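# no letters, just coordinates:
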């Protein structure tokens, strides 16, 4: 199978490291020349419970970069198309230039698998790319990037894959080879016909954990340490849950327990939003809490806690 991974953050490098041995061709596209150069020269160092290994660039594994001004990636050309492109950048990075670049690397056999948090990216991608070629992914895999070329697997999870067309019945065998490949690489994955529930569940979990850790400058687990932070979590959760119900989404009964479980399982992790604030980068607050506020506004609903944390994160940005 031929796969391109666009985005070399923690998840991008994790999937690249574990999939490399099972792909006919694996291309990793970074956002800077510097990272692509270090990966090509030093290799990709991967750490998990079984130890450390380093993967070097070779004829089946290559590293390149995409820069908007150039609108191209510095990788070797290959006549064979990619079977899948894994889009593993954050939502703010999905620009018109990047969407055009993705479209230029797809043909009628290529699927784009989107791993973004929040909502809204599917509409932007669907304006250029055939919606039947778009797949959504929700993963609970844990990873930490330690520099440009090192990644650690910090927690096993599940990756759900489904169609962008929520009403469309998915043939479970349509992407059997992809699920099989991910399984060989050590990722538990499955096709899902209710991606709206998966996406809403992850959105709510992110909308509770990410902004609070960014504002308080704490790890995920530290949110559980005080009654005040727990009260804020519950207020954010209840407001988001009400929006989902108003949208007709049947959320899991134990979603609150799942949210607390994520905090416990990733207790030492710095959320992506906290890392963005610490490194003076734009956050995904507009696509996470901001998307909830936009939906609530259309429904004439008020989300005072979400509005407060949204404004606080925007002020920190």
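Ah, there it is. Note that the coordinates shown come from a computational prediction; the quantities given were computed from them, not determined experimentally. Numbers count the residues shown, from 1 in each chain.
# neighbours of the closest residue to residue 2 other than its chain neighbours, just the number please.
Distances taken as CB to CB, 6 or more residues apart in numbering put residue 25 closest to residue 2, at 4.3 Å, once the chain neighbours are dropped. Placement of C-beta: from N, CA and C, glycine included. Neighbourhood size, residue 25 [other CB atoms under 10 Å]: 16.
# so residue 25 makes contact with residue 5?
No. The criterion here is CB atoms under 8 Å, and residue 25 misses it with residue 5 at 11.4 Å.
# so how far is residue 163 from the residue nearest to residue 2?
25 Å (CB to CB, to the nearest Å).
# now do residue 210
Counting by CB to CB, the gap from residue 210 to residue 163 is 26 Å.
# could you give the mean pLDDT of stretch 31-48?
What stretch 31-48 shows for mean pLDDT is 93.
# so how far is that stretch off the chain centroid?
Computed by CA atoms, centre = their mean, to the nearest Å, the chain-centroid distance of stretch 31-48 equals 20 Å.
# show the end-to-end separation of it, please.
25 Å (CA to CA, to the nearest Å).
# what's the answer for stretch 50-65, then?
First-to-last distance for stretch 50-65 - CA to CA - comes to 30 Å.
# what lies in contact with it?
8, 17, 20, 23-33, 35-36, 39-40, 43-46, 73-76 (CB atoms under 8 Å, 6 or more residues apart in numbering).
# what sits against the nearest residue to residue 145 once chain neighbours are set aside?
Nearest residue to residue 145 in three dimensions, chain neighbours excluded: residue 10, at 4.1 Å (CB to CB, 6+ apart). By CB under 8 Å, 6+ apart, residue 10 lies in contact with 143, 144, 145, 151.
# how far away is residue 10 from residue 256?
For residue 10, the distance to residue 256 - CB to CB - is 26 Å.
# can you show me the helices along the chain?
Using DSSP state H, the helices of the chain run over 10-19, 33-42, 96-104, 121-126, 176-184, 195-216, 227-246, 255-265, 272-278, 289-298, 304-316.
# can you put these in CSV and add distance to residue 113?
Shown next, in CSV, are these (distance: least, CB to CB, whole Å):
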stretch, distance to residue 113
helix 10-19, 10
helix 33-42, 21
helix 96-104, 11
helix 121-126, 11
helix 176-184, 8
helix 195-216, 12
helix 227-246, 24
helix 255-265, 22
helix 272-278, 19
helix 289-298, 20
helix 304-316, 28
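# ok, residue 310 touching residue 211?
Yes. Counting by CB under 8 Å, residue 310 does reach residue 211; the two are 7.2 Å apart.
# so those two - more neighbours on which side?
Set residue 310 next to residue 211 and count neighbours by other CB under 10 Å: residue 211 wins out with 29 against 20.
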